[in-house]
Each structure stands twice: as C-alpha cells, then as structure tokens.
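Enquirer: dropping a prediction and its sequence here:
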Amino acid sequence: MSSRLVGVGVGPGDPELVTVKGVNALRAAEVVVVPVLDSGERGRAEATVLHYVPAEKIVRVVFALNERTDRARREAAWDAAGERVAELLRRHGGVAFATIGDPNVYSTFTYLAQTIVESVPGVVIETVPGITAMQDLAARSGAVLTEGTEPLTLVPVTAGSAVLKDALAGPGTVVAYKFGRQAAEVAEALRETGRIGDAVWGSALGLPEESVRPAGELDGEPLPYLSTLIAPARREGGRGGKL
C-alpha cells in the first residue's frame, strides 16, 4: 500500500474556520505533523489542530521558517524535516500535515511535498483547502475583495515593497501578505498610489490578540510578521457597474 501525505489547510487561526473536510482529514490520519520554529514555541497551526485531535497524535517537526539569510542553515533544516516526515510515512502510511491558511497558497507544505516525492517512492500527495487570511480579513473588516470583472492581485511583501507598489498602481484589489516588518514602506506605497483611504490591515485574526485597523493608522512601527493588508479596488459606485 502506498504512503499518503495530506496537506490540510487549517485557516488563519480561528479554530471555527477549519472546514469539516479538514477536521475529518486530521482525525483520519495516523499522525498529524505540525511545523514549529527551532526555538520550539507552539505555532498557530498546532494551536488550531489541538481543538480537534489529541496532543499524543501530534508530531512537532522543526522547520527554519524564519530563516531568510543563511541558506545552508535553511537547507539543512529542510532536509532534516523532510527525513523526519518520510520516516513517519514509512512507519504509519498516512500522515497529515497541518498548515495555516491554504496548503497551496504560500505554504510550507508545497516545499515539504517536493522533498517527500523525491525520498518516498510511490507516495500519494493530497491537499485539503483552507480558508485564507485575506478571506478572513475581508469578512472581519467588511472589505469586498472583488466585484464584476475586477482582478485580484496577491503579493508577498517579502518579495520587496517595489512589487507591492507596482501592484497598487494597477487595477483591482491588492492583497499583501507578510508585510509587518515593512509596514512603513507599505504605508508609503499606499499613500503614493492614492490607495490608503479604503485599505485595511489585520493580524492574529480570530485570536485573542486580533487587530483589524484602517491602513491610514499605520505609523511606521513594525507589525506582526504575518500581518495582511487589503487595498480594495477603486470603485465609482453603482450596483453591478463592473459586470
């Protein structure tokens, strides 16, 4: 029987936003792997999973999630994590990997799956979609992501604030992920492109420390790394005007 690795999206943090299919996948797996930093603290995915499966079923695997400069250290951590998950697959056959958001949107799971395919012959890779931070922020703030024929652009600010500025100069709604450490540059880009008025940002969505604020209140201070920004499309009014 082939091994099966399932990437399960567990949403942005609110345990009520895990889908029924996601809960079923977590409970059906022999083992649920959750990624943790090498410093060992409990991550958001683990905290969410604990609402649905017993702690003894969870295996914490260290990933260098915060390493962006030391490539050798990052690669070594990835290799060790891949081997640990491969070992679990050989032993148990079925393993779920819990990832915040969706496993196919800027997720740790995609890199892990590539490693596992190379090291575990015949492994079956599946994913269970999860609710994304931009969907949750839109719901909590009242921001409409798209209407009619408007495009939607998703930008990770880890690629540089210039990429975000180019997107803001274009049409449609722009969503920025992981912008907390570059909050000052993001605020400047919003002002320069005239997009700050309707923009909103949020962090720790669904958690006790949740913050959802207008982008106009950005004061240049760094924010949590996983902060999300929505800059809605410029809309002139009129119901269905862009259909």
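Expert: Alright, I've got the coordinates.
Enquirer: A28 versus the residue nearest the centre of the chain, what's the distance?
Expert: Taking C-alpha atoms, centre = their mean, the centroid of the chain lies closest to G101, which sits 4.2 Å from it. Applying C-beta to C-beta, to the nearest Å, the value for G101 to A28 is 21 Å. Yep, even glycine has a C-beta here, placed from its N, CA and C like the rest.
Enquirer: that older thread, now do the contacts for the closest residue to the residue nearest to the centre of the chain other than its chain neighbours.
Expert: Spatial nearest neighbour of G101, chain neighbours left out: T132 (5.0 Å); criterion: C-beta to C-beta, 6 or more residues apart in numbering. When contacts are counted by C-beta atoms under 8 Å, 6 or more residues apart in numbering, T132 touches G11, P12, G101, D102, V105.
Enquirer: neighbours around the last one, how many?
Expert: A count of neighbours around V105, defined by other C-beta atoms under 10 Å, yields 18.
Enquirer: what's the answer for R74, then?
Expert: Number of residues near R74 (other C-beta under 10 Å) recorded here: 16.
Enquirer: and whichever strand or helix holds it, what's buried?
Expert: Using DSSP states H and E, R74 maps to helix 71-92. For helix 71-92, the buried set under the neighbour-count rule, 16 or more other C-beta atoms under 10 Å, comprises R74, A77, W78, A81, G82, V85, A86, L88, L89.
Enquirer: mind giving me the packing neighbours of that helix?
Expert: Applying 3 or more C-beta pairs under 8 Å, 6 or more residues apart in numbering; DSSP states H and E, one finds that helix 71-92 contacts strand 4-9, strand 31-36, strand 58-62, strand 94-99, helix 108-119.
Enquirer: closest to E192 out of those?
Expert: E192 lies closest to helix 108-119 among the helices and strands packed on helix 71-92, at 33.0 Å (C-beta to C-beta).
Enquirer: list the buried residues of the closest one.
Expert: For helix 108-119, the neighbour count (16+ other C-beta under 10 Å) marks T108, F109, L112, A113, T115, I116 as buried.
Enquirer: ok, and what's touching the lowest-mean-pLDDT helix or strand in the chain?
Expert: Within the chain, no helix or strand scores below helix 71-92, which has a mean of 87 by mean pLDDT, DSSP states H and E. Contact with helix 71-92 is made by 3-5, 30-31, 33, 35, 38, 59, 61-64, 67-68, 95, 97, 111-112, 115-116, 119-120, 123, as judged by C-beta under 8 Å, 6+ apart.
Enquirer: can you give me how far it is from the chain middle?
Expert: Put simply, helix 71-92 sits 21 Å off its chain's centre (C-alpha atoms, centre = their mean, to the nearest Å).
Enquirer: that one versus strand 4-9: what angle between them?
Expert: Helix 71-92 and strand 4-9 meet at an angle of 120 degrees, taking axes from the mean of the first three to the mean of the last three C-alpha atoms, to 10 degrees as the criterion.
Enquirer: what angle do helix 71-92 and helix 108-119 make?
Expert: Angle of helix 71-92 versus helix 108-119, following the same axes, to 10 degrees, is 70 degrees.
Enquirer: just want the angle from helix 71-92 to strand 31-36.
Expert: Per the same axes, to 10 degrees, the angle that helix 71-92 makes with strand 31-36 is 170 degrees.
Enquirer: could you list the domains of this structure?
Expert: What automatic domain parsing lists as the domains of the chain is 4-128, 133-231.
Enquirer: wait, the residue nearest to the centre of the chain sits on P12?
Expert: Yes: with contact defined as C-beta atoms under 8 Å, G101 counts as touching P12 (6.1 Å).
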